[in-house]
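> Sequence first, predicted model second:
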Amino acid sequence: MKALQGVEGQVVWAQVPSLTCDVGQVRIQVSAAGLNRADLLQKAGLYPPPPGASHVLGLECSGIISEVGAGSSWQVGDRVCALLAGGGMAEEVVVDGRHVLPVPDGLSLTEAAALPEVYATVWLNLFQLAALKPGEKVLLHAGASGIGSAAIQLCKAFGNPCWVSVGSKERLAYCEALGAQGGVIRGDDLDSLSDLGPFDVILDPVGGNYAALNLKLLASDGRWVLIGLMGGREAKLDLAQVLAKRVQLLGSTLRARDDQFKADLFSDLSQHVWPLFAEGRLSPQLAKTFAIKDAEAAFAELASNTVAGKVVLLIDESLA
(Lines give C-alpha, C1' and ligand atoms only; values in the text may rest on other atoms or scores of the structure.)
Protein backbone atom coordinates (compact mmCIF):
# COMPACT_ATOMS: atom_id res chain seq x y z
CA MET A 1 0.00 0.00 0.00
CA LYS A 2 1.00 3.63 -0.30
CA ALA A 3 1.37 5.85 2.75
CA LEU A 4 2.60 9.31 3.76
CA GLN A 5 5.80 9.56 5.79
CA GLY A 6 7.94 12.40 7.02
CA VAL A 7 11.44 12.15 5.55
CA GLU A 8 14.04 14.85 6.32
CA GLY A 9 11.38 17.49 6.86
CA GLN A 10 9.39 16.58 3.74
CA VAL A 11 6.36 14.36 3.23
CA VAL A 12 6.71 11.39 0.88
CA TRP A 13 3.83 9.29 -0.55
CA ALA A 14 5.49 5.90 -1.04
CA GLN A 15 5.01 2.15 -0.82
CA VAL A 16 5.08 0.55 2.64
CA PRO A 17 4.19 -2.99 3.76
CA SER A 18 0.55 -3.78 4.55
CA LEU A 19 -0.25 -4.90 8.09
CA THR A 20 -1.93 -8.09 9.30
CA CYS A 21 -5.43 -7.74 10.75
CA ASP A 22 -5.29 -9.61 14.06
CA VAL A 23 -7.83 -10.53 16.75
CA GLY A 24 -10.03 -7.58 17.70
CA GLN A 25 -8.72 -5.40 14.89
CA VAL A 26 -10.29 -4.06 11.71
CA ARG A 27 -8.79 -3.01 8.40
CA ILE A 28 -10.09 0.29 7.03
CA GLN A 29 -9.86 1.37 3.41
CA VAL A 30 -9.08 5.00 4.06
CA SER A 31 -11.13 7.75 2.48
CA ALA A 32 -9.70 10.77 4.29
CA ALA A 33 -7.39 11.66 7.17
CA GLY A 34 -7.44 14.61 9.53
CA LEU A 35 -4.29 16.72 9.80
CA ASN A 36 -3.14 17.72 13.29
CA ARG A 37 -0.31 19.75 14.77
CA ALA A 38 1.26 16.50 15.96
CA ASP A 39 1.73 15.58 12.29
CA LEU A 40 3.63 18.83 11.73
CA LEU A 41 5.93 17.98 14.63
CA GLN A 42 6.46 14.40 13.45
CA LYS A 43 7.23 15.61 9.90
CA ALA A 44 9.87 17.90 11.40
CA GLY A 45 11.40 15.02 13.38
CA LEU A 46 10.29 16.44 16.73
CA TYR A 47 7.54 14.00 17.73
CA PRO A 48 8.31 10.34 17.02
CA PRO A 49 5.46 7.82 17.30
CA PRO A 50 5.15 5.76 20.49
CA PRO A 51 6.99 2.40 20.57
CA GLY A 52 5.23 -0.10 18.33
CA ALA A 53 3.12 2.50 16.51
CA SER A 54 3.24 3.08 12.76
CA HIS A 55 5.72 5.66 11.45
CA VAL A 56 3.16 6.64 8.84
CA LEU A 57 1.66 10.07 9.56
CA GLY A 58 -1.94 10.52 10.65
CA LEU A 59 -3.71 10.25 14.03
CA GLU A 60 -7.26 9.96 12.69
CA CYS A 61 -9.01 8.79 9.55
CA SER A 62 -12.31 7.77 8.04
CA GLY A 63 -13.19 5.04 5.56
CA ILE A 64 -14.85 1.71 4.89
CA ILE A 65 -14.08 -1.46 6.84
CA SER A 66 -12.64 -4.03 4.44
CA GLU A 67 -11.61 -6.79 6.89
CA VAL A 68 -12.65 -7.75 10.41
CA GLY A 69 -10.48 -9.70 12.83
CA ALA A 70 -11.92 -12.38 15.10
CA GLY A 71 -13.77 -11.01 18.12
CA SER A 72 -14.77 -7.66 16.61
CA SER A 73 -18.43 -6.72 16.20
CA TRP A 74 -17.81 -4.52 13.14
CA GLN A 75 -18.90 -5.65 9.68
CA VAL A 76 -17.20 -5.35 6.30
CA GLY A 77 -18.70 -2.30 4.58
CA ASP A 78 -19.29 -0.26 7.75
CA ARG A 79 -18.58 3.48 7.37
CA VAL A 80 -16.34 4.49 10.27
CA CYS A 81 -13.79 6.92 11.65
CA ALA A 82 -10.90 5.96 13.89
CA LEU A 83 -8.40 7.30 16.42
CA LEU A 84 -4.82 6.16 15.76
CA ALA A 85 -1.34 6.39 17.25
CA GLY A 86 -0.16 6.72 13.63
CA GLY A 87 -0.87 5.39 10.17
CA GLY A 88 -3.98 7.31 9.07
CA MET A 89 -2.49 8.94 5.99
CA ALA A 90 -2.38 5.74 3.98
CA GLU A 91 -4.48 3.74 1.55
CA GLU A 92 -5.45 1.44 4.42
CA VAL A 93 -4.93 1.15 8.15
CA VAL A 94 -5.33 -1.61 10.74
CA VAL A 95 -6.66 -0.47 14.12
CA ASP A 96 -8.12 -1.86 17.34
CA GLY A 97 -11.86 -2.12 16.68
CA ARG A 98 -12.56 -0.44 20.02
CA HIS A 99 -10.94 2.75 18.73
CA VAL A 100 -13.47 3.06 15.91
CA LEU A 101 -16.82 4.85 15.81
CA PRO A 102 -19.52 4.96 13.12
CA VAL A 103 -19.74 7.96 10.84
CA PRO A 104 -22.53 10.07 12.39
CA ASP A 105 -25.76 10.15 10.40
CA GLY A 106 -25.79 12.93 7.83
CA LEU A 107 -22.02 13.35 7.67
CA SER A 108 -19.71 12.45 4.81
CA LEU A 109 -16.57 10.39 5.22
CA THR A 110 -14.56 13.55 4.55
CA GLU A 111 -16.27 15.35 7.43
CA ALA A 112 -15.93 12.33 9.71
CA ALA A 113 -12.14 12.34 9.27
CA ALA A 114 -12.08 15.63 11.19
CA LEU A 115 -13.75 14.22 14.32
CA PRO A 116 -11.88 11.52 16.29
CA GLU A 117 -8.72 13.29 17.46
CA VAL A 118 -10.25 16.63 18.45
CA TYR A 119 -13.39 15.33 20.13
CA ALA A 120 -11.45 12.62 21.98
CA THR A 121 -8.93 15.24 23.14
CA VAL A 122 -11.55 17.68 24.35
CA TRP A 123 -13.71 15.08 26.08
CA LEU A 124 -10.69 13.60 27.84
CA ASN A 125 -9.22 16.89 29.01
CA LEU A 126 -12.24 19.02 29.85
CA PHE A 127 -14.85 16.51 30.93
CA GLN A 128 -12.81 13.61 32.31
CA LEU A 129 -9.55 15.02 33.68
CA ALA A 130 -10.76 18.52 34.60
CA ALA A 131 -14.18 17.15 35.64
CA LEU A 132 -15.93 20.18 34.16
CA LYS A 133 -19.30 20.85 35.79
CA PRO A 134 -22.27 22.65 34.18
CA GLY A 135 -21.98 26.39 34.60
CA GLU A 136 -18.23 26.48 35.18
CA LYS A 137 -16.32 28.98 33.05
CA VAL A 138 -13.73 27.83 30.53
CA LEU A 139 -10.87 29.60 28.73
CA LEU A 140 -9.64 28.06 25.50
CA HIS A 141 -6.29 29.20 24.16
CA ALA A 142 -5.98 28.81 20.36
CA GLY A 143 -9.75 28.80 20.30
CA ALA A 144 -10.10 28.65 16.50
CA SER A 145 -7.98 25.51 16.15
CA GLY A 146 -9.50 22.10 15.50
CA ILE A 147 -9.43 21.34 19.23
CA GLY A 148 -10.74 24.79 20.07
CA SER A 149 -13.60 24.43 17.58
CA ALA A 150 -14.65 21.12 19.16
CA ALA A 151 -14.24 22.50 22.68
CA ILE A 152 -16.47 25.52 22.03
CA GLN A 153 -19.25 23.28 20.73
CA LEU A 154 -19.00 20.83 23.61
CA CYS A 155 -18.94 23.63 26.17
CA LYS A 156 -22.10 25.05 24.63
CA ALA A 157 -23.77 21.62 24.54
CA PHE A 158 -23.02 20.90 28.20
CA GLY A 159 -23.79 24.33 29.64
CA ASN A 160 -20.33 25.84 30.10
CA PRO A 161 -19.74 29.45 29.04
CA CYS A 162 -16.36 29.72 27.33
CA TRP A 163 -14.00 32.41 26.14
CA VAL A 164 -11.03 32.21 23.76
CA SER A 165 -7.68 33.66 22.87
CA VAL A 166 -7.09 33.73 19.11
CA GLY A 167 -4.86 35.25 16.44
CA SER A 168 -7.19 37.63 14.58
CA LYS A 169 -10.52 39.44 14.58
CA GLU A 170 -11.78 37.02 11.94
CA ARG A 171 -10.94 34.01 14.10
CA LEU A 172 -12.60 35.62 17.11
CA ALA A 173 -15.76 36.13 15.07
CA TYR A 174 -15.57 32.48 14.00
CA CYS A 175 -15.38 31.35 17.63
CA GLU A 176 -18.27 33.56 18.68
CA ALA A 177 -20.38 32.16 15.83
CA LEU A 178 -19.69 28.66 17.19
CA GLY A 179 -20.83 29.64 20.68
CA ALA A 180 -17.94 31.33 22.52
CA GLN A 181 -18.97 34.22 24.75
CA GLY A 182 -16.06 36.34 23.55
CA GLY A 183 -12.31 36.57 23.90
CA VAL A 184 -9.14 38.45 23.08
CA ILE A 185 -6.75 38.61 20.14
CA ARG A 186 -3.21 37.34 20.65
CA GLY A 187 -0.83 40.26 20.22
CA ASP A 188 -3.28 42.69 21.79
CA ASP A 189 -3.63 42.88 25.57
CA LEU A 190 -3.94 39.28 26.80
CA ASP A 191 -4.17 40.65 30.33
CA SER A 192 -7.64 41.94 29.42
CA LEU A 193 -8.78 38.33 29.85
CA SER A 194 -8.84 39.24 33.55
CA ASP A 195 -11.96 41.28 32.83
CA LEU A 196 -13.68 38.10 31.57
CA GLY A 197 -12.53 35.72 34.31
CA PRO A 198 -11.76 34.20 36.65
CA PHE A 199 -11.97 30.84 34.88
CA ASP A 200 -12.60 27.46 36.43
CA VAL A 201 -10.78 25.55 33.68
CA ILE A 202 -8.15 26.60 31.14
CA LEU A 203 -7.39 24.33 28.16
CA ASP A 204 -3.87 25.30 27.15
CA PRO A 205 -1.90 24.12 24.09
CA VAL A 206 0.58 27.00 24.52
CA GLY A 207 2.40 26.47 27.83
CA GLY A 208 5.59 28.46 28.41
CA ASN A 209 4.83 32.11 27.79
CA TYR A 210 1.19 31.82 28.92
CA ALA A 211 1.94 30.08 32.22
CA ALA A 212 2.05 33.10 34.53
CA LEU A 213 -1.06 34.53 32.85
CA ASN A 214 -2.95 31.26 33.38
CA LEU A 215 -2.25 31.32 37.12
CA LYS A 216 -3.50 34.88 37.30
CA LEU A 217 -6.70 34.04 35.40
CA LEU A 218 -7.70 30.88 37.28
CA ALA A 219 -10.37 30.90 39.95
CA SER A 220 -9.96 29.16 43.30
CA ASP A 221 -9.88 25.38 42.77
CA GLY A 222 -9.21 26.07 39.08
CA ARG A 223 -7.83 23.43 36.74
CA TRP A 224 -5.15 24.23 34.18
CA VAL A 225 -4.95 21.47 31.57
CA LEU A 226 -1.71 21.62 29.59
CA ILE A 227 -1.91 19.80 26.23
CA GLY A 228 0.85 21.45 24.19
CA LEU A 229 3.98 23.59 24.23
CA MET A 230 3.54 26.00 21.33
CA GLY A 231 4.82 28.79 23.58
CA GLY A 232 7.83 26.94 24.94
CA ARG A 233 8.59 24.35 27.59
CA GLU A 234 9.92 26.57 30.38
CA ALA A 235 8.08 29.00 32.63
CA LYS A 236 8.59 30.94 35.85
CA LEU A 237 5.66 30.51 38.22
CA ASP A 238 4.62 32.08 41.50
CA LEU A 239 3.91 28.91 43.48
CA ALA A 240 2.22 30.95 46.19
CA GLN A 241 -0.66 31.45 43.75
CA VAL A 242 -0.87 27.70 43.18
CA LEU A 243 -1.24 27.18 46.93
CA ALA A 244 -3.53 30.10 47.62
CA LYS A 245 -5.95 29.20 44.79
CA ARG A 246 -5.58 25.41 45.21
CA VAL A 247 -4.79 25.19 41.48
CA GLN A 248 -4.48 21.82 39.78
CA LEU A 249 -1.99 21.66 36.87
CA LEU A 250 -2.79 18.64 34.70
CA GLY A 251 -0.36 17.58 32.00
CA SER A 252 -2.10 15.50 29.37
CA THR A 253 -1.28 13.58 26.19
CA LEU A 254 -3.45 11.08 24.31
CA ARG A 255 -1.34 9.48 21.59
CA ALA A 256 0.77 7.26 23.87
CA ARG A 257 -2.13 6.09 26.09
CA ASP A 258 -2.69 2.34 26.12
CA ASP A 259 -5.34 0.51 24.10
CA GLN A 260 -7.71 -0.02 27.02
CA PHE A 261 -7.60 3.65 27.99
CA LYS A 262 -8.52 4.67 24.43
CA ALA A 263 -11.23 2.01 24.28
CA ASP A 264 -12.82 3.38 27.46
CA LEU A 265 -12.55 6.92 26.10
CA PHE A 266 -14.25 5.92 22.86
CA SER A 267 -17.00 4.16 24.80
CA ASP A 268 -17.64 7.46 26.59
CA LEU A 269 -17.64 9.37 23.29
CA SER A 270 -20.14 6.90 21.83
CA GLN A 271 -22.49 7.43 24.76
CA HIS A 272 -22.17 11.15 25.48
CA VAL A 273 -20.84 12.90 22.36
CA TRP A 274 -21.68 11.02 19.15
CA PRO A 275 -25.50 11.35 19.61
CA LEU A 276 -25.10 15.14 19.57
CA PHE A 277 -24.06 15.07 15.90
CA ALA A 278 -27.37 13.47 14.89
CA GLU A 279 -29.17 16.09 16.99
CA GLY A 280 -27.38 18.88 15.12
CA ARG A 281 -25.72 20.20 18.29
CA LEU A 282 -22.21 19.38 17.07
CA SER A 283 -20.73 19.71 13.61
CA PRO A 284 -17.34 19.08 11.99
CA GLN A 285 -15.61 22.38 11.34
CA LEU A 286 -13.94 21.49 8.07
CA ALA A 287 -11.83 24.44 6.95
CA LYS A 288 -10.06 23.02 3.89
CA THR A 289 -9.45 19.74 2.09
CA PHE A 290 -6.40 18.77 0.05
CA ALA A 291 -5.75 15.84 -2.27
CA ILE A 292 -2.99 13.57 -1.00
CA LYS A 293 -0.76 14.74 -3.89
CA ASP A 294 -0.95 18.22 -2.36
CA ALA A 295 0.05 17.07 1.13
CA GLU A 296 2.91 19.58 1.40
CA ALA A 297 0.46 22.42 0.78
CA ALA A 298 -1.87 21.03 3.44
CA PHE A 299 0.94 20.92 6.00
CA ALA A 300 1.95 24.47 5.10
CA GLU A 301 -1.64 25.64 5.49
CA LEU A 302 -1.90 24.25 9.01
CA ALA A 303 1.54 25.60 9.92
CA SER A 304 0.45 29.10 8.88
CA ASN A 305 -1.73 29.35 12.02
CA THR A 306 -4.49 31.02 10.01
CA VAL A 307 -6.83 28.03 9.74
CA ALA A 308 -10.16 28.18 11.58
CA GLY A 309 -11.22 24.57 12.08
CA LYS A 310 -9.76 21.41 10.58
CA VAL A 311 -7.66 20.51 7.53
CA VAL A 312 -8.34 17.12 5.93
CA LEU A 313 -6.35 15.11 3.38
CA LEU A 314 -8.35 13.18 0.77
CA ILE A 315 -6.79 9.74 0.31
CA ASP A 316 -9.43 7.97 -1.84
CA GLU A 317 -12.03 10.41 -3.17
CA SER A 318 -13.99 7.57 -4.79
CA LEU A 319 -15.18 6.50 -1.31
CA ALA A 320 -16.38 9.93 -0.22
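On my side now, so go ahead. Residues are numbered from 1 along each chain as shown.

> and the next element down the chain from the lengthiest strand in the chain?
As assigned by DSSP state E, the longest strand anywhere in the chain is strand 25-35. Sequence order places helix 37-43 as the next helix or strand after strand 25-35, per DSSP states H and E.

> That following helix - what's its average pLDDT?
The predicted model assigns helix 37-43 a mean pLDDT of 94.

> got the phi/psi numbers for residue 210?
phi -110, psi 0 (degrees, to the nearest 10).

> list the contacts for it?
By CB atoms under 8 Å, 6 or more residues apart in numbering, the contact list for residue 210 reads 141, 190, 204, 231. Every residue, glycine included, has its C-beta placed from N, CA and C.

> tell me which of these is nearest to residue 285?
Ranked by distance to residue 285 (CB to CB), the contacts of residue 210 are led by residue 141 at 17.1 Å.

> give me every residue that touches residue 252.
124-125, 129, 225-227.

> Check the gap between it and residue 204 for me.
Using CB to CB, to the nearest Å, residue 252 is found at 10 Å from residue 204.

> joint contacts of those two?
In contact with both residue 252 and residue 204: 225-227, using CB under 8 Å, 6+ apart.

> per-residue confidence at the residue minimising distance to the centre of the chain?
Centroid check for the chain by CA atoms, centre = their mean gives residue 118 as the closest residue, at 2.5 Å. Model confidence at residue 118, given as pLDDT, is 97.

> Dump the contacts of residue 210 to TSV, plus secondary structure, neighbour count and distance to residue 48.
TSV is the format used below for those (DSSP: H, G, I helix; E, B strand; the rest coil; neighbours: other CB atoms under 10 Å; distance: CB to CB, whole Å):
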residue	secondary structure	neighbour count	distance to residue 48
141	strand	27	25
190	helix	16	33
204	strand	26	23
231	coil	17	22
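
> So which of the residues you listed is the closest to residue 95?
Nearest to residue 95 among these, with distances taken as CB to CB, is residue 204, at 29.1 Å.
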